[in-house]
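Peer 1: Have a look at this prediction, sequence included:
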Amino acid sequence: KDGISTAVIEASSHGIAQNRISGLNISHAIFTNLTQDHLDYHQDLATYAQVKQRLFSLPNVKSVVLNKDDEHYSDFLNAAKGKKISSYSLADFEAIKTTEHGFLLTLNNYIFELGFLGKFNLLNILAALNGVIAIGFDATKIIPLLQKLTPPTGRMHKIKEQLIWVDYAHTPDALTNALSTLKSHYPAYKIRVLFGCGGNRDQDKRAKMGKIACDLADNIILSNDNPRGEDADLIIAKIVSGIGDSCQFDIVKDRQLAIETAVITLKDDECLLIAGKGHETTQQFADKTIKSNDREIVKAAIIEGARLKLLKNRQ
């Protein structure tokens, strides 16, 4: 009714497995990456990969865009046999310079700044660029517009002028990327991470995420994510089982209190990553769903921290 002729959607593995996209005339498909996720549903990574690959063999799909840097690239290349194929890689950039605010990039002889942190976001930018080119746009008109892009809500979302980020990272790969990104862009700073794991979801990733936090962060705070129908203490215990003896951690199950404490006590030489819920505005428990917005909690805590600091200076 609004005259929209093209839509971009995420085709989830659940949607593919349950044939929920069967009624759609999908003409182009993009493969970003494949890492551990949703194994509570798919059981193993091989099955998860096979389900995702079904998207690229649909009869209506005319062309596909594939991430050449992903280790599963060749499998998706085979799945897309007979289609028009294009690929992308970080090697497409002639130059990449890391800055505190993002990157200074050279692509197809264009030099521009990008306000995104993390090389995974550079791959996302290339995926979007190649997707737009695949549907008929001219690269020379699109590349100059890339510097105007801003991160999606809850995806390495920087809060005001603080060194505090809210991110949706809820898998081992995503947490690794988020923490490695901060280490890359802010090498002189220590990293504090606050996260948990969702209930009634893949349990195998919990200890792995604990180990990743131990390996890459300087300070760990474990809290509730969305416990759903599981015992929150048992979820956290699984995460703790992956944290080595060399790493100290704090447990504050109340997520709002955990975030407030982390923000107010954040030191000048620290970055803070609040991972797991990103853009979400609710928190799910077995018997209730409450309003909970990590970004808004951070903003309120910054104001409260400033007030407490002012009171302390007056004394």
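Peer 2: That came through fine. Numbers count the residues shown, from 1 in each chain.

Peer 1: just the helices in the stretch 1-150 of the chain please.
Peer 2: With DSSP state H, counting those that start in this stretch as the criterion, the stretch 1-150 of the chain has helices at 13-17, 39-42, 45-54, 73-79, 119-134, 139-142.

Peer 1: Packing partners of the fourth one?
Peer 2: Secondary structure elements in contact with helix 73-79, counted by 3 or more C-beta pairs under 8 Å, 6 or more residues apart in numbering; DSSP states H and E, are helix 45-54, strand 63-67. For glycine as for every other residue, the C-beta is placed from the backbone atoms N, C-alpha and C.

Peer 1: Helix, strand, or coil at Gln283?
Peer 2: strand (DSSP: H, G, I helix; E, B strand; the rest coil).

Peer 1: Measure how buried Gln315 is and give me the count.
Peer 2: Using other C-beta atoms under 10 Å, Gln315 has 4 other residues around it.

Peer 1: Could you do Ile264 as well?
Peer 2: When neighbours are counted by other C-beta under 10 Å, Ile264 registers 15.

Peer 1: try Ser180
Peer 2: The number of residues packed near Ser180 is 17, by other C-beta under 10 Å.

Peer 1: My guess is it contacts Ala217. True?
Peer 2: No. At 10.6 Å, Ser180 and Ala217 do not qualify as touching, with contact defined as C-beta atoms under 8 Å.

Peer 1: returning to what we had before: can you flag the weakest of the helices and strands packed on helix 73-79 by average pLDDT?
Peer 2: Among those, helix 45-54 carries the lowest mean pLDDT, a mean of 88.

Peer 1: That helix packs against which elements?
Peer 2: Helices and strands touching helix 45-54, by 3+ C-beta pairs under 8 Å, 6+ apart, are helix 13-17, helix 39-42, helix 73-79.

Peer 1: how about low-confidence regions in the protein?
Peer 2: Where the chain drops to pLDDT under 70, the residues are 36-43.

Peer 1: longest helix of it?
Peer 2: If you go by DSSP state H, the chain has its longest helix at helix 294-314.

Peer 1: which helices and strands does that one pack with?
Peer 2: Checking 3+ C-beta pairs under 8 Å, 6+ apart, helix 294-314 ends up next to strand 164-167, helix 255-264.

Peer 1: By neighbour count, which bits of it are buried? Give me those.
Peer 2: Residues of helix 294-314 classed as buried by neighbour count (16 or more other C-beta atoms under 10 Å): Asp294, Arg295, Ile297, Val298, Lys299, Ala301, Ile302, Gly305.

Peer 1: and it, how far from the chain's centre?
Peer 2: With C-alpha atoms, centre = their mean, to the nearest Å as the basis, helix 294-314 stands 27 Å off its chain's centre.

Peer 1: can you list contacts of that helix?
Peer 2: Outside of helix 294-314, the residues within contact range by C-beta atoms under 8 Å, 6 or more residues apart in numbering are 153-154, 157, 159-160, 162, 164, 166, 255-256, 259-260, 263-264, 274, 277-278, 280.

Peer 1: rerun that using 10 Å as the cut-off
Peer 2: 153-154, 157, 159-162, 164-168, 194, 255-266, 272, 274-281, 283, 293 (C-beta atoms under 10 Å, 6 or more residues apart in numbering).

Peer 1: what residues are up against Asn219?
Peer 2: 190-194, 213, 247-250, 262, 265-267, 270, 272.

Peer 1: if we can go back for a sec, could the helices and strands packed on helix 73-79 be laid out in a markdown table, adding distance to Ile85 and mean neighbour count?
Peer 2: Converted to a markdown table, the helices and strands packed on helix 73-79 look like this (distance: least, C-beta to C-beta, whole Å; neighbours: other C-beta atoms under 10 Å):
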| stretch | distance to Ile85 | mean neighbour count |
| --- | --- | --- |
| helix 45-54 | 14 | 17 |
| strand 63-67 | 6 | 23 |
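
Peer 1: Could you dump these into a markdown table with distance to Glu94 added?
Peer 2: Shown next, in a markdown table, are the helices and strands packed on helix 73-79 (distance: least, C-beta to C-beta, whole Å):
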| stretch | distance to Glu94 |
| --- | --- |
| helix 45-54 | 31 |
| strand 63-67 | 19 |
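
Peer 1: hang on, the earlier thing: include distance to Asp233 and mean neighbour count when you put the helices and strands packed on helix 45-54 into TSV, please.
Peer 2: Output for those, formatted as TSV (distance: least, C-beta to C-beta, whole Å; neighbours: other C-beta under 10 Å):
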stretch	distance to Asp233	mean neighbour count
helix 13-17	28	17
helix 39-42	19	16
helix 73-79	39	17
